[in-house]
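Peer 1: Based on what follows, work out the 3D shape:
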Amino acid sequence: MQVLFDGVMEVQYAFLHLLPWNTAFDDLISARGGQANGLCGAAQPGVLAMTTGLWMGAVPVRVEALDRAPSSAGDWEEVVEVSLTAGTTQYGLSAFDSGAEVTLPAPGSYRVRWSASGMQEASAGPDVRMDDDPALDRYLLQLWPAPPAPDAVLRQTSEIAAYWHSVARDTPPPPPPPTAAELADIAAAEEAEMLAQQQQFEDARELHLWGGQRPTDLLRAIGWPTPQLARRDRDLVDRLAALPPGRQRSIARWAARRACEIAGIDSLDWVVAGLAALDRGEPLPAPLNDWTAAWDRLFPGSTLVATLRTETTVEEPAADPPIAAESVAISAVQAASDDNPARAVMGAVEALTHGVTPPSVMLVEVRAQFDLE
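Peer 2: Okay, the predicted model is just below:
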């Protein structure tokens, strides 16, 4: 015989638990549902829920590990047995805020005997035992290796024990743990639900990204900055995407040149050279092929990347603050040089909208210039 615990436990609400260490369990009723006995619930796998006579306070408890079943029940007034399958040796004896570590000899199947004396007296006495009050009830928990078997009432002498036995018999047993196949189905259903929620989120995000209308495969293939332009004018985006490549190139070049005109830099020799390269379908020359280099050429020594245009003659408020016209011009020229003509026109027109308050001013001009109404 090995003593695993011998001391007092501070019970609350007349219960004790033996359960894997650092876990929680508070369903005392289901733990004994469907059993013959109501003093030691073992209906939940790997957990024991024991009932005490004292409602709140310290009760003496002893836990023993045996090699075999005890030869007799001794002088204990209440004796019940249950089976326990332990998946670990690290268990704890607990009662709400108090607990003690209990190390089982080994994982496996055990027969457990819960013996009690003084339950009737303790349950009929004061609800709370004070430190200087005598102990009215005491308990012994014994366990030994044995295959699973139905629980049993070996001895019953008190009304309180009879009451708890009747509660156990009148309580439906908990549902059996799910099988491996059921667990797999549950996991599959949870994954499907997660994927559905993720898809729902992605769909909503895409609708927002594209101005409330789902994009076609063609628009998705064009990519950035098509969604940004779509949020400003989705119909124009669809019209631009449907144009032949040559027409897309023409509009992109026009948007780049128009941005340079608005910024007042279209007559600079290096800007003229860059726009001419666009017209010939050639790569942009320096410094227009590098945004920072072009900005530094315009504003030597400046660390300002984009300044706001505060002057405007348009009464309609802008959704976004306008960006410095020079910044817009550089971005539009670089966008128009994209190898993909559809992306070039989307990028150049979208860049052009950032320099005017509101952007619809430029979008109206694009439509009118190229008969896209």
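Peer 1: give me the element the nearest residue in space to Leu372 that is not next to it in sequence is part of.
Peer 2: Spatial nearest neighbour of Leu372, excluding adjacent residues (CB to CB, 6 or more residues apart in numbering): Arg239 at 5.0 Å. From N, CA and C alone the C-beta is placed, and that goes for glycine too. According to DSSP states H and E, Arg239 maps onto helix 234-242.
Peer 1: helices or strands up against that helix?
Peer 2: Secondary-structure packing of helix 234-242 (3 or more CB pairs under 8 Å, 6 or more residues apart in numbering; DSSP states H and E): helix 217-222, helix 226-232, helix 341-352, helix 360-369.
Peer 1: what distance separates stretch 208-219 from the middle of the whole chain?
Peer 2: 28 Å (CA atoms, centre = their mean, to the nearest Å).
Peer 1: So which residues of the chain form helices?
Peer 2: 28-32, 119-124, 159-170, 180-209, 217-222, 226-232, 234-242, 245-263, 269-280, 291-298, 325-336, 341-352, 360-369 (DSSP state H).
Peer 1: tell me which residues of the fifth one are tucked away?
Peer 2: It refers to helix 217-222. 219, 222 (16 or more other CB atoms under 10 Å).
Peer 1: and what of the second one?
Peer 2: By neighbour count with 16+ other CB under 10 Å, helix 119-124 contains the buried residues 119-120, 122-123.
Peer 1: Quickly check these for the two that are furthest apart.
Peer 2: Maximum pairwise distance among the buried residues of helix 119-124 (CB to CB): 7.4 Å, between Gln120 and Ala122.
Peer 1: Now for the two: what residues contact both?
Peer 2: Gly53 (CB atoms under 8 Å, 6 or more residues apart in numbering).
Peer 1: Surely Leu16 touches Phe96?
Peer 2: No - counting by CB atoms under 8 Å, Leu16 sits too far from Phe96 to count as a contact (9.8 Å).
Peer 1: more neighbours, these two?
Peer 2: Neighbours per residue (other CB atoms under 10 Å) separate Leu16 from Phe96, with Leu16 holding more: 26 against 14.
Peer 1: got the contact list for the spatially closest residue to that one that is not a sequence neighbour?
Peer 2: Closest residue to Leu16 apart from its sequence neighbours, by CB to CB, 6+ apart: Met50 at 4.4 Å. Applying CB under 8 Å, 6+ apart, we find Met50 in contact with 15-18, 39-41, 114, 139, 141.
Peer 1: of those, closest to Arg68?
Peer 2: Leu141 (16.2 Å).
Peer 1: contacting residues around the residue nearest to the closest one when sequence neighbours are not counted?
Peer 2: The shortest distance from Leu141 to any non-neighbouring residue, by CB to CB, 6+ apart, is to Val63 (4.6 Å). By CB under 8 Å, 6+ apart, the contact set of Val63 is 3-6, 18, 93, 102, 140-143.
Peer 1: Would you map out the domains in this protein?
Peer 2: 2-177, 178-209, 216-369 (automatic domain parsing).
Peer 1: For those domains, give me a markdown table that also has mean pLDDT.
Peer 2: Putting those into a markdown table (pLDDT from 0 to 100) gives the following:
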| stretch | mean pLDDT |
| --- | --- |
| domain 2-177 | 91 |
| domain 178-209 | 91 |
| domain 216-369 | 86 |
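Peer 1: my guess is Ala36 meets Asp170, correct?
Peer 2: No - assessed by CB under 8 Å, Ala36 is found out of contact with Asp170, at 11.9 Å.
Peer 1: Compare neighbour counts for these two and give me the winner.
Peer 2: Using other CB under 10 Å as the criterion, Ala36 and Asp170 rank with Ala36 on top: 15 against 10.
Peer 1: Return the distance of that one relative to Arg155.
Peer 2: Distance, Ala36 to Arg155, by CB to CB, to the nearest Å: 13 Å.
Peer 1: for Pro147, same thing?
Peer 2: Distance from Pro147 to Arg155, by CB to CB: 23 Å.
Peer 1: Contact partners for the nearest residue to Asp233 once chain neighbours are set aside?
Peer 2: Excluding the flanking residues, the one nearest Asp233 by CB to CB, 6+ apart is Leu363, at 4.9 Å. Neighbouring residues of Leu363 by CB under 8 Å, 6+ apart: 232-233, 236, 349, 353.
Peer 1: Ok, Met56 next?
Peer 2: Met56 neighbours (CB under 8 Å, 6+ apart): 11-14, 127-129.
Peer 1: Which one (most neighbours) among those?
Peer 2: Neighbour max across the contacts of Met56 (other CB under 10 Å) = Val11, 25 neighbours.
Peer 1: And the nearest residue to Arg257 once chain neighbours are set aside, how close does it get to Asp266?
Peer 2: Leaving aside its sequence neighbours, Arg257 sits nearest to Leu275 (CB to CB, 6+ apart; 5.6 Å). With distances taken as CB to CB, Leu275 is found 7 Å from Asp266.
Peer 1: overlap in contacts of the two?
Peer 2: Residues touching both Leu275 and Asp266 by CB under 8 Å, 6+ apart: 257, 260.
Peer 1: before we move on, back to that, let me have the helices of the chain in CSV, adding distance to Thr85 as columns.
Peer 2: Below are those laid out as CSV (distance: least, CB to CB, whole Å):
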stretch, distance to Thr85
helix 28-32, 14
helix 119-124, 27
helix 159-170, 19
helix 180-209, 16
helix 217-222, 55
helix 226-232, 57
helix 234-242, 63
helix 245-263, 72
helix 269-280, 78
helix 291-298, 69
helix 325-336, 69
helix 341-352, 64
helix 360-369, 72
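Peer 1: Which one of these lies nearest to Val82?
Peer 2: helix 28-32 (9.0 Å).
Peer 1: So between Pro147 and Arg155, which is more surrounded?
Peer 2: Legend: neighbour count by other CB under 10 Å for Pro147 and Arg155, higher for Arg155 (14 against 10).
Peer 1: related to what we said a few turns ago, between the contacts of Met56, which is closest to Arg297?
Peer 2: Distance to Arg297 across those (CB to CB) is lowest for Gln12, with 79.2 Å.
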